[in-house]
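Peer 1: One predicted model, sequence on top.
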Amino acid sequence: MSLFLRRAPRLASLGHRSLSTVPALLKQNPVGGASNFEVPNFDPYLKENRNSDSNRVFSYFMVGTLGLVSAAGARAAVQDFLTTMSASADVLALAKVEVGLSNIPEGKNVVVKWRGKPVFIRHRTAAEIDEANKIDVSQLRDPETDDARTKRPEWLVMIGICTHLGCVPIGESGDYGGWFCPCHGSHYDISGRIRKGPAPLNLEIPDYQFEDEKLVIG
């Protein structure tokens, strides 16, 4: 009995030691063959898990941020596309040009700008109309009758760009009394048809219509 009491304080004191001393105690006081037992150190696993969670949160943040940036970029691109597709007031204003015909004397030319291109308007005389209709169309490089090129015989409306390389011909010039291109020597008659020179086609006729005493181009 006295032996038990002498050993009791020592056993009781074991309960107050920290867990960190357990492996050493077990080594010093082997019980049932557990002399090699050590408490595992979980610090590396805990650190790895913490890093993994941090990386996962950062990845979610970056994906969300990139998604927002992409959405904003797509919205801006769509808005820019729609803006460019919708014509501005200036563009609509240039889409049509109105010209008062009463201001153009017979036998004279007027040049107006339409969609960035010169347009020739010729108030032809009766003699010019007769001359244009006498031409043998089968002999022309670009066969076209005068009637097919005009809506009213006295008014000839053409885009003033040479069909060769895009120069602007000079009115009331050339060998046929019509237009002459000084760049490479193309000659057009009083109907704007190519008669001599390198130009392959007649001067182009734009879309136009008459409204009372006004000519509306476009």
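Peer 2: Arrived safely. Numbers count the residues shown, from 1 in each chain.
Peer 1: For the rest of this, base every contact and every neighbour count on C-alpha atoms.
Peer 2: Will do.
Peer 1: mind giving me the domain split of the chain?
Peer 2: Per the TED database, the domain ranges recorded for the chain read 55-85, 94-217.
Peer 1: Turn the ones you listed into a markdown table, columns for mean neighbour count and mean pLDDT.
Peer 2: Listed next are these as a markdown table, based on neighbours: other CA atoms under 10 Å; pLDDT from 0 to 100:
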| stretch | mean neighbour count | mean pLDDT |
| --- | --- | --- |
| domain 55-85 | 12 | 63 |
| domain 94-217 | 17 | 96 |
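Peer 1: what sits against the residue nearest to Gly174 when sequence neighbours are not counted?
Peer 2: The shortest distance from Gly174 to any non-neighbouring residue, by CA to CA, 6 or more residues apart in numbering, is to Phe180 (4.7 Å). If you count contacts by CA atoms under 8 Å, 6 or more residues apart in numbering, Phe180 has them with 169-174, 186-188.
Peer 1: let's see 7 Å
Peer 2: Neighbouring residues of Phe180 by CA atoms under 7 Å, 6 or more residues apart in numbering: 169-171, 173-174, 186-188.
Peer 1: just checking, Arg195 touches Tyr188?
Peer 2: Yes: applying CA atoms under 7 Å, one finds Arg195 in contact with Tyr188, separated by 5.5 Å.
Peer 1: Which of the helices or strands spans Ala127?
Peer 2: Assessed by DSSP states H and E, Ala127 sits inside helix 126-133.
Peer 1: Point out the other helices and strands that the helix or strand that that helix is followed by packs with.
Peer 2: Going down the chain from helix 126-133, the next helix or strand is helix 146-149, by DSSP H and E. Contact partners of helix 146-149 among helices and strands, from 3 or more CA pairs under 7 Å, 6 or more residues apart in numbering; DSSP states H and E: none.
Peer 1: the strands in this protein, which residues?
Peer 2: 97-100, 109-114, 117-123, 155-159, 170-173, 177-181, 186-189, 194-196, 208-211, 214-217 (DSSP state E).
Peer 1: Using JSON lines, please lay out the ones you listed together with distance to Glu131.
Peer 2: Output for those, formatted as JSON lines (distance: least, CA to CA, whole Å):
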{"stretch": "strand 97-100", "distance to Glu131": "26"}
{"stretch": "strand 109-114", "distance to Glu131": "17"}
{"stretch": "strand 117-123", "distance to Glu131": "14"}
{"stretch": "strand 155-159", "distance to Glu131": "14"}
{"stretch": "strand 170-173", "distance to Glu131": "14"}
{"stretch": "strand 177-181", "distance to Glu131": "10"}
{"stretch": "strand 186-189", "distance to Glu131": "9"}
{"stretch": "strand 194-196", "distance to Glu131": "14"}
{"stretch": "strand 208-211", "distance to Glu131": "24"}
{"stretch": "strand 214-217", "distance to Glu131": "24"}
